[in-house]
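1. can you look at this prediction? I've put the sequence above it.
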Amino acid sequence: MDNKTEGERMGTEMELTGKARVFAVFGSPIEHSRSPAMHNAAIQALGLEAVYVPFRVEPDHLPEAIAGVRAMRFAGVNLTIPLKEAAVGLVDELSHEARRIGAVNTLWWDGDVLVGHSTDGEGFLRSLEAAIGDIPHKALILGAGGSSRGVCHALADRGVKLTISNRTVEKAEKLASEISNASGNTKASAISASFEELSEAAAHATLVVNCTSVGMEPRINESPLPEQFLRSQHVIYDLVYNPRETLLLRNARAKGAVALNGVDMLVHQGALSFELWTGFKPPLDVMKQAVLDTL
Ligand code: ATR
C-alpha cells in the first residue's frame, strides 16, 4: 500500500481495500439505471477508494434495505423509481427539499443521522442555468407527477410564474395550489391539456418543461406539445433522456428554439449527491460522457 492521498491518485485505477466506501442506488427495475456508470466514472476520475453499486429493491423490502444501509454503514445511497416516496418515513431526518416534495433521491450521513434529501430540483436549476444563463420568468410545465413537483418547487423558489398542464387536470390543480401556498415568491395556475389552453399558455411562456413520459422509449413518435405551438423564442427542456432527442426536441430545434434534454439534469442531480457524500466536486464532463456512453 502506498501512502498517497486520494487526491494524489487522481485518475488512476483504484484497488479496493477494507477502507473502501460503498455507495449504492436502490430501485426496481434497476438494470437500466445510468447512475452506476456516472458515479463510478467520477470516483475513478478523482481516484477515490470507493464503489457505487446498483441494487434491485422492491418497495416491500425498502425498510430492510435501509436497515442494511445503517447496519453496513453505506457511505451514500440514491433512490429511484418506485422508492422515492416510500423512503420519506424511513430516515432520521428530511431536508426541506425532500419534505416539501414528499420524495427522497439521496440518503447521506450527517454524523450518525441518516438524512433523506432530494437533489432533483436543484439539479434541474443548475442544468438550466449552465445551458442558458438566466432563468426565464414564465414557464409552462407539462405533467403533474413526481418529477414535475420537484421542477415546479425549484422554479417557484426563483420566482418563476408557472402554468401547469396535465392530462388529469385535477392533479395539475392540486400541484398549482400546493406551489402557490408553499412559495411566497410566485403563483402557479393549472390548465387542462386541451388544444386551446395549451396553445395560449405556450404563447405566453418562454420556458416549457416536459415532465411527462410522453416521447420516451418506446413511444418515440409522440410529443406532449403540438408542433405549431413552438416558437423560436422558446427554451424547450425535455426531462426525457432516452431517446436523447425526442420528437418534441426535434420539432423545437427545427423552429430555432433552444432544445435541452434530460441528460444534464441527470448529471447535475448526481453531482449534487456525490458532493454531499464525498465533499468533492465531481467532474461534470466525465459524468456526462459516462451517461452518453450508455445511451
Ligand atoms: P414521474 O415521477 O416521472 O414524474 P409520474 O409521477 O408517474 O412520473 O408522472 C407521470 C406524468 O406523465 C403525469 O403527469 C402523467 O399524467 P397523469 O397525471 O394524467 O397520469 C403524465 N403522462 C404519462 N403518460 C401520459 C400520456 N400518455 N399522455 C399525457 N400525459 C401522460
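-> Nice, I can see it.
2. skipping adjacent residues, who's closest to whichever residue of the chain sits closest to the ligand in space?
-> Closest contact between the chain and the ligand, by C-beta to the nearest ligand atom, is at residue 145 (2.0 Å). In this view, the C-beta of every residue, glycine as well, is placed from N, C-alpha and C. Of all residues beyond its chain neighbours, the one nearest residue 145 is residue 211 (6.7 Å), with distances taken as C-beta to C-beta, 6 or more residues apart in numbering.
3. residue 142 is in contact with the one you found, correct?
-> Yes. Using C-beta atoms under 8 Å as the test, residue 211 is close enough to residue 142 to be in contact (6.1 Å).
4. hey, what's in contact with both of the two?
-> Listed as contacting both residue 211 and residue 142 by C-beta atoms under 8 Å, 6 or more residues apart in numbering are residue 148.
5. quick one, what contacts the spatially most central residue of the chain?
-> The centre of the chain sits closest to residue 120, judged by C-alpha atoms, centre = their mean, with a distance of 3.7 Å. Applying C-beta under 8 Å, 6+ apart, we find residue 120 in contact with 101, 103, 105, 147, 150-151, 154, 265, 269.
6. same question, residue 202
-> 140, 208, 225, 229-231, 234.
7. could you redo the last one with a cut-off of 10 Å?
-> By C-beta atoms under 10 Å, 6 or more residues apart in numbering, the residues touching residue 202 are 140, 142, 163, 165, 208, 225-226, 228-231, 234, 236.
8. would it count as being in a strand?
-> No. Applying DSSP: H, G, I helix; E, B strand; the rest coil, one finds residue 202 to be helix, outside a strand.
9. please verify my assumption that residue 51 contacts residue 42.
-> No. Counting by C-beta atoms under 10 Å, residue 51 sits too far from residue 42 to count as a contact (11.8 Å).
10. between those two, tell me which one has more neighbours.
-> Neighbour tally, residue 51 and residue 42, criterion other C-beta atoms under 10 Å: the higher count belongs to residue 42, 25 against 18.
11. which residues does that one contact?
-> Neighbouring residues of residue 42 by C-beta under 10 Å, 6+ apart: 48, 50, 52, 267, 270-271, 274-275, 278, 280-284, 286-287, 290.
12. swap in residue 151?
-> When contacts are counted by C-beta under 10 Å, 6+ apart, residue 151 touches 101, 120-121, 123-125, 128, 139, 141, 143, 162, 164, 209-211, 237, 239, 265.
13. from the residues you listed, list the ones also adjacent to the ligand.
-> 143, 211 (C-beta under 6 Å from any ligand atom).
14. the contacts of residue 151 in helices, which ones?
-> Of the contacts of residue 151, the ones assigned to helices by DSSP state H are 101, 120-121, 123-125, 128, 265.
15. of the residues you listed, just say which sits nearest to residue 255.
-> For the ones in helices among the contacts of residue 151, the minimum distance to residue 255 (C-beta to C-beta) is 19.3 Å, reached by residue 128.
16. what mean pLDDT does the helix or strand that residue 291 is a member of get?
-> Using DSSP states H and E, residue 291 sits within helix 284-294. Mean pLDDT, helix 284-294: 97.
17. what sits up against that helix?
-> 11, 32-42, 44-46, 126-127, 130, 241-242, 244, 262-264, 266-268, 270-271, 274, 283.
18. tell me the buried residues in it?
-> Using 16 or more other C-beta atoms under 10 Å as the test for burial, helix 284-294 gives 284, 286-288, 290-291.
19. what would the residues you listed look like in a markdown table with distance to the ligand?
-> Shown next, in a markdown table, are the buried residues of helix 284-294 (distance: C-beta to the nearest ligand atom, whole Å):
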| residue | distance to the ligand |
| --- | --- |
| 284 | 23 |
| 286 | 26 |
| 287 | 21 |
| 288 | 21 |
| 290 | 22 |
| 291 | 17 |
